[in-house]
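S.K.: Structural data only, the sequence is not supplied:
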C-alpha cells in the first residue's frame, strides 16, 4: 500500500474529494496533512495538494500557503524524488514555492471558467506520463500558465510539458494545462482529476492520473 | 517607520485587469493610452533593521511577472 498525504490549508475546499478518490484507488491509502505541521518525508510515498482557495487567494493565489510549515516537509519529500501532485490551487502553491516552474495568472477572459476540458497527454518519459486524451473538469479564475520563453524552451526540451488543452480556455502559454519539474517527480495541473473518477460524475479519466502514484 | 511597496505587473506580461479597466475607461470617453493595475502594500515597523527588500522577495511579489518599487512613507 502506498501512503499519500493530502494537504489542508485554511481555505482548501477540494480536499475531501481528492482524499476519497485516492482512498478509492486500489493500492493507495490517504492520510491528512495539516498545514501547520511538518511531517516525516520518509513516512509517505507521495503528497497531493488539493484545489480550493487557500488563504482566500489573498495577495496572490497560493502565495501565502506556499510559506507554511507543511510545505517545508513537502519540499523535503520532493527532494527525495517522491511523487507530489498539485491540483488547481495546489498547482499554484507549487509554483509559488518554486517546486514547479512558472506562475498561474488571471484567465485572459477575466471569467471564472467551470467546464469540462479535453486534455492531450504530451510526451514526458516520466512516472507521470499519460497517453492519448483525457477529459476532466476545470473550475478556475486564475489558470493561465505563464513561463518566460527561455524557460519554456528548456521545459520542452526536457519533456516537462505534461498536459495541454485541446481548446485553451484561459490563454495559457502553449495551451499548457499541466507541467512537471525538471526531476519529473513533481506534477501540477489546473484540471480536477478527483471530479472524474466515477461514471456518475461524467467521466473516469481522473483515475488514470491517480494510478500514476502506484 | 512606514514603508510602501508598489507591486506592478511587468511590462511584457499580459495585464488582463489593466486591459479590462482601460477598455471601460476608453468606452466612457476618457483619453488614455494605457492602464496598469497593481497593488500597494504598506508595512509599518518599529525596527530600524527591517529589510523591506527581503520582505518583498519573501512573499510580497512574484518576480516572474511583477516588479516592485519600495518607498518610505513620511
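M.R.: Received, thanks. Remember, predicted model here, so these are calculated numbers, not experimental data.
S.K.: Could you check how far the top helix by length along chain A is from the centre of its chain?
M.R.: Looking across chain A with DSSP state H, the single longest helix is helix A:69-79. Relative to its parent chain, helix A:69-79 has a centroid offset of 15 Å by CA atoms, centre = their mean, to the nearest Å.
S.K.: Dig out what the residue nearest to the spatial centre of chain A forms beta bridges with.
M.R.: Nearest to the mean C-alpha position of chain A, by CA atoms, centre = their mean, lies residue A:86 at 2.4 Å. When assigned by DSSP bridges, residue A:86 has beta-bridge partners residue A:49, residue A:188.
S.K.: still on that earlier bit, how about the longest helix of chain A: buried residues?
M.R.: A:70, A:71, A:73, A:74, A:75, A:77, A:78 (16 or more other CB atoms under 10 Å in any protein chain shown). Heads up, the C-betas are built off the backbone N, CA and C, glycines and all.
S.K.: what do you get for stretch A:106-114?
M.R.: A:106, A:107, A:108.
S.K.: tell me which parts of chain B are close to chain A?
M.R.: B:13, B:14, B:16, B:17, B:20, B:58, B:59, B:60, B:62, B:64, B:65 (CB under 8 Å from any CB of the partner chain).
S.K.: What is the subsequent helix or strand relative to whichever strand or helix holds residue A:153?
M.R.: Following DSSP states H and E, one finds residue A:153 within helix A:149-157. Next helix or strand after helix A:149-157 toward the C-terminus (DSSP H and E): strand A:161-165.
S.K.: What sits closest to residue A:185 if chain neighbours are left out?
M.R.: residue A:81 (5.2 Å; CB to CB, 6 or more residues apart in numbering or on different chains).
S.K.: Model confidence for the one you found, exactly?
M.R.: Per-residue pLDDT puts residue A:81 at 98.
S.K.: ok, it to residue A:130 distance?
M.R.: 20 Å (CB to CB, to the nearest Å).
S.K.: higher neighbour count, the two?
M.R.: residue A:130 (20 against 11; other CB atoms under 10 Å in any protein chain shown).
S.K.: What's the local residue count around residue A:56?
M.R.: 10.
S.K.: Name the nearest residue to it, ignoring sequence neighbours.
M.R.: residue A:11 (5.5 Å).
S.K.: For the one you found, give me its contacts.
M.R.: A:52, A:53, A:54, A:55, A:56, A:57, A:65 (CB atoms under 8 Å, 6 or more residues apart in numbering or on different chains).
S.K.: Filter the residues you listed down to just the buried residues.
M.R.: Buried by 16+ other CB under 10 Å: A:52, A:53, A:54, A:55, A:57, A:65, out of these.
S.K.: Turn the contacts of residue A:11 into JSON lines, columns for secondary structure.
M.R.: Formatted as JSON lines, these follow (DSSP: H, G, I helix; E, B strand; the rest coil):
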{"residue": "A:52", "secondary structure": "strand"}
{"residue": "A:53", "secondary structure": "coil"}
{"residue": "A:54", "secondary structure": "helix"}
{"residue": "A:55", "secondary structure": "helix"}
{"residue": "A:56", "secondary structure": "helix"}
{"residue": "A:57", "secondary structure": "helix"}
{"residue": "A:65", "secondary structure": "helix"}
